[in-house]
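1. Sequence and predicted structure are below.
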Amino acid sequence: MENCGRGCAPGVRFCQKLNRVKTLDDDVMATSLKRCLSTVDLALLGVGGMVGSGLYVLTGTVAKDTAGPAVVVSFLIAGIASLMAALCYAEFGARVPKTGSAYMFTYVSVGEIWAFLIGWNVILEYMIGGAAVARAWSGYLDSIFNHTIQNFTETHIMRWDVPFIAHYPDLLAAAILLVATFFISFGVRVSSWLNHIFSVVSMVVIAFILVFGFMLADTSNWSAKEGGFAPYGLSGVMAGTATCFYAFVGFDVIAASSEEARNPQKAVPIATAISLALAASAYMLVSTVLTLIVPWHTLDPNSALSDAFFRRGYSWAGFIVAIGSICAMNTVLLSNLFSLPRIVYAMAEDGLFFSVFSRVNPVTKVPVIAILVFGSLMALLALIFDLEALVQFLSIGTLLAYTFVAASIIVLRFQPEKTQTKKDSSATPNPNPEPSPTASDAQTMAEETGELKEYESFSDKLQLVEMQKKSKERRGPGQLKARWEPYLDRILGDVEPGEVVAFSVLALMVSAVSLCAVLVFGTNQLQLPTWSLTLLVVVFGLAFLLSLALIWVHEQQPSLKTFQVPLVPFIPGASILLNVFLMMKLSPLTWLRFAIWLTVGLLVYFGYGIWHSKEGLREPQPRNMAARYVVLPSGSLVETVQAVQPDAQNETTPRHTPTPSSGDQQDKR
């Protein structure tokens, strides 16, 4: 056993490196960035990230091809589903007001390798999202001028006939990204004011669409003559929900900006709620107006709103809608360009990515190098890839980030409080740390012995812990609740606080993946018989519910002053299940591209990140002396000290061996 332990030690240390969590400063508000964003600024950033091209393109596409006028219900369900993920982001953004969004949240609670992979995928998400919006922006503007820009480019500049890339280089999309990158590099205030301008124009146009649209509304377009309200039935509504879910993916820009918020504890949750409510209302009302102006089956998916006004004889209204759509796309573009460099900055600041990207300009207080480099890469993607190829790859990174943030909420909520701070860890570690007694502990010992001892032995502390265990006070986070102790203490009572929750979260994820795989692939790809499909659904469903129940029977951390997600672990668990189900609906080609991107990310992490991680540099080096306390089956305590060769610098310093207490000496005898 000893040889096995020694042989496995390098592997154990390696796994510990991969799963080490980030240690936060005592002052979480300390930052090299500029805290200047208000609640209104954050709310408008969130609205700008969500209400973009989807409002002008997605509504018409889902209404015509998937749900009909019931697209209103699809947006409602998608908004509720997005709210579960948004609540998790809001709690983390208020509790850990650091830039990095899902990457930072995963690093604080789950572990380093998972945080890097989430950050790596969020980088791809923002790059592809920005490039896709720039392509849509260019195509929408080009359609107004009867595709003059595309024809000129193909005729006089270049045309490609290569698989997986666009037929021509979109110079306009690349140019708008480079211009936006230039303005973003001037600082957060400039970015915020640009977003304000475009958001206000977009909201004014949306108000115009609603007022003028309801004046032109014809309720007969929802009648049975035109197919009814839900022509595709419940399945069409749910299929539309899966598509509409992606309209709300921009709210994470609020959490990504929490390090630049003046009062993130209040501003982040409020801004998240306001922006999600405004975006959901806008999508539902606009889709209602759109399907009431003209029959849903006659909509033009590419420019549904402007075409609807044009067909009713108001071509001038169509131009106003076009202006609003371009402004809305600009807000999404700014949102992606604003968030992406800050994710890169957070990873570089932690040592997991190249340190050059962590440099902050002393004047503008923004990571200029990260902005310029990744803005240029985004422009390159928009130049050579078409919109369809970009959009297909957009969803998987977002859903994976949502899943890990929901899991991180559960882990962090049931995790025991850490007493070691960053300041403490930088000091020389004590090879034999002992917890210092609190005033109440010392008072208890004084009452038992009649005097206040200057040194409390480990056996005294063990007895104190046993006394506290038997007390009926509220237990610490990660421990069994008192009411469940008579039933589950024999099974779960001997594990460390938080361990059962961590394993239950892992079981929750595995059962969610298994359940969704059976539901999505069981009938067609796997061709399972009905009895087998039903059995697997029941087994994996019960495993999912059992994992939730095991988490629920443990104590959570006490309520904090900052915002907290209600009904934990049930709301994060439902969010995990929904996100995994939507990931299973993605195409195999998307998963293949995702696997390639993950492989590149692992090469970056193991080639650079694991060696330069600041958490790794902060870890104490192994010492040459170790004390070991052994509890015998009889309940007695034996203290042993391993004899080792002293350090060279301390050879002349006499070493003090702790003297066992009288009770310990009797136990030895």
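-> Arrived safely, thanks for sending.
2. so residue 358 touches residue 367, yeah?
-> Yes. Using C-beta atoms under 8 Å, residue 358 is in contact with residue 367, at 6.9 Å. Quick note: C-beta positions are derived from backbone N, CA and C, even for glycine.
3. hey, what's in contact with both of these two?
-> Counting by C-beta atoms under 8 Å, 6 or more residues apart in numbering, the shared contacts of residue 358 and residue 367 are 345, 348.
4. So if I had to pick from the two, which one is more boxed in?
-> Just comparing residue 358 and residue 367: by other C-beta atoms under 10 Å the higher neighbour count belongs to residue 367, 27 against 19.
5. tell me the contacts of that one?
-> Residue 367 sits in contact with 341, 342, 344, 345, 348, 357, 358, 359, 360, 361, where contact means C-beta under 8 Å, 6+ apart.
6. Need the nearest residue in space to the last one, chain neighbours excluded.
-> What it means is residue 361. Of all residues not flanking residue 361 in the chain, residue 368 sits nearest, at 4.5 Å (C-beta to C-beta, 6 or more residues apart in numbering).
7. And the second one, by the same measure?
-> Beyond its immediate neighbours in the sequence, the residue positioned closest to residue 342 (C-beta to C-beta, 6+ apart) is residue 99, lying 4.4 Å away.
8. Confirm the one you found sits in a strand?
-> No. Judged by DSSP: H, G, I helix; E, B strand; the rest coil, residue 99 forms no part of a strand; its state is coil.
9. mind checking pLDDT for it?
-> For residue 99, the model assigns a pLDDT of 80.
10. can you tell me how far it sits from residue 87?
-> Distance of residue 99 to residue 87, computed by C-beta to C-beta, to the nearest Å: 20 Å.
11. on that earlier part again, any idea how many residues pack against the residue nearest to residue 342?
-> The number of residues packed near residue 99 is 23, by other C-beta under 10 Å.
12. now residue 293
-> Neighbour tally, residue 293, other C-beta under 10 Å: 24.
13. next SSE after the longest helix seen in the chain?
-> Ranked by residue count and defined by DSSP state H, the top helix of the chain is helix 315-349. Using DSSP states H and E, the next helix or strand after helix 315-349 towards the C-terminus is helix 368-384.
14. Pull out the buried positions in that following helix.
-> Residues of helix 368-384 classed as buried by neighbour count (16 or more other C-beta atoms under 10 Å): 368-375, 377-379, 381-384.
15. Which pair in these has the greatest spatial separation?
-> Within the buried residues of helix 368-384, 368 and 384 form the most distant pair, 25.3 Å apart (C-beta to C-beta).
16. And the residue nearest the centre of this protein?
-> residue 102 (3.1 Å; C-alpha atoms, centre = their mean).
17. quick revisit: which one of the buried residues of helix 368-384 is nearest to residue 494?
-> Of these, the one sitting nearest to residue 494 (C-beta to C-beta) turns out to be residue 370, at 47.7 Å.
18. residue contacts, that closest one?
-> 340, 341, 342, 344, 345, 348, 357.
19. dump the residue contacts of the first one.
-> When you say that, I think you mean residue 340. Per C-beta under 8 Å, 6+ apart, neighbours of residue 340: 123, 126, 127, 130, 370, 374, 375, 378.
20. Swap in 10 Å and give it another go.
-> By C-beta atoms under 10 Å, 6 or more residues apart in numbering, the residues touching residue 340 are 122-127, 129-130, 184, 256, 370-371, 374-375, 377-378.
21. How much space separates it from residue 47?
-> Counting by C-beta to C-beta - residue 340 and residue 47 are separated by 19 Å.
22. Where does pLDDT dip in this structure?
-> Across the chain, the ranges flagged by pLDDT under 70 are 1-7, 26, 53, 163-164, 302, 387-389, 391-394, 417-474, 619-669.
23. hang on, the earlier thing: would you check which pair of the contacts of residue 370 lies furthest apart?
-> Across those (C-beta to C-beta), the longest gap, 12.7 Å, separates 340 and 348.
24. Distance from the helix or strand in which residue 89 is found to the middle of the chain?
-> Using DSSP H and E, residue 89 falls within helix 71-95. Mean-position distance between helix 71-95 and its chain equals 12 Å (C-alpha atoms, centre = their mean, to the nearest Å).
25. Tell me which stretches of the protein form strands.
-> 627-631, 637-641 (DSSP state E).
26. From the contact counts, what lies against the helix holding residue 89?
-> Judged by 3 or more C-beta pairs under 10 Å, 6 or more residues apart in numbering; DSSP states H and E, the packing partners of helix 71-95 are helix 39-50, helix 59-62, helix 102-109, helix 233-244, helix 252-256, helix 264-293, helix 395-413, helix 570-584.
27. Identify each buried residue in that helix, please.
-> Going by neighbour count (16+ other C-beta under 10 Å), the buried part of helix 71-95 is 71-79, 81-95.
28. got the angle between that helix and helix 570-584?
-> Relative orientation of helix 71-95 and helix 570-584, computed by axes from the mean of the first three to the mean of the last three C-alpha atoms, to 10 degrees: 120 degrees.
29. quick one on the thing from earlier: for the residue nearest to residue 361, list the residues it contacts.
-> Residue 368 touches 184, 185, 186, 187, 341, 359, 360, 361, counting by C-beta under 10 Å, 6+ apart.
30. Sort out which one of these lies nearest residue 272 for me.
-> residue 341 (21.4 Å).
31. roughly how far apart are the closest one and residue 28?
-> Taking C-beta to C-beta, one finds residue 341 at 21 Å from residue 28.
32. neighbour count winner among those two?
-> Neighbour count, other C-beta under 10 Å: between residue 341 and residue 28, residue 341 has more, with 26 against 15.
33. Contact partners for the more buried one?
-> Residue 341 is in contact with 99, 123, 126, 181, 184-185, 357, 366-375, counting by C-beta under 10 Å, 6+ apart.
34. how does it look with 7 Å?
-> 367, 370, 371, 374 (C-beta atoms under 7 Å, 6 or more residues apart in numbering).
35. What separation do you get for the second one and residue 357?
-> The spacing between residue 370 and residue 357, counted by C-beta to C-beta, is 4 Å.
36. Which neighbours do those two have in common?
-> By C-beta under 7 Å, 6+ apart, residue 370 and residue 357 have these common neighbours: 344, 345.
37. with the contacts of residue 370 in mind, which one is nearest to residue 155?
-> Taking the contacts of residue 370 together and measuring to residue 155 by C-beta to C-beta, the closest member is residue 340, at 34.2 Å.
38. That closest one and residue 177: what is the separation?
-> As judged by C-beta to C-beta, residue 340 and residue 177 stand 11 Å apart.
39. again, but for residue 492
-> According to C-beta to C-beta, residue 492 stands 53 Å off from residue 177.
40. Compare those two (neighbour count), which wins?
-> residue 177 (29 against 17).
41. if you skip the residues just before and after it, what's nearest to the more buried one?
-> Looking at residue 177 with C-beta to C-beta, 6+ apart, the closest residue is residue 379, at 4.0 Å.
42. for residue 220, same thing?
-> Nearest to residue 220 is residue 226, by C-beta to C-beta, 6+ apart, at 7.0 Å.
43. Count the residues that sit near the one you found.
-> Residue 226 is flanked by 19 other residues according to other C-beta under 10 Å.
44. Equivalent analysis for residue 158, please.
-> 11.
45. Might one say that it is in contact with residue 169?
-> Yes. Here residue 158 reaches residue 169: they are 5.7 Å apart, a contact under C-beta atoms under 7 Å.
46. how about the helices in the stretch 551-669 of the chain?
-> Secondary structure of the stretch 551-669 of the chain (DSSP state H, counting those that start in this stretch): helices located at 570-584, 588-604, 610-612, 614-618, 662-668.
47. Out of those helices, which is closest to residue 109?
-> The nearest among these, by C-beta to C-beta, is helix 570-584 at 11.7 Å.
48. Please point out which parts of the closest one sit buried.
-> Buried residues in helix 570-584, defined by neighbour count with 16+ other C-beta under 10 Å: 571-573, 575-584.
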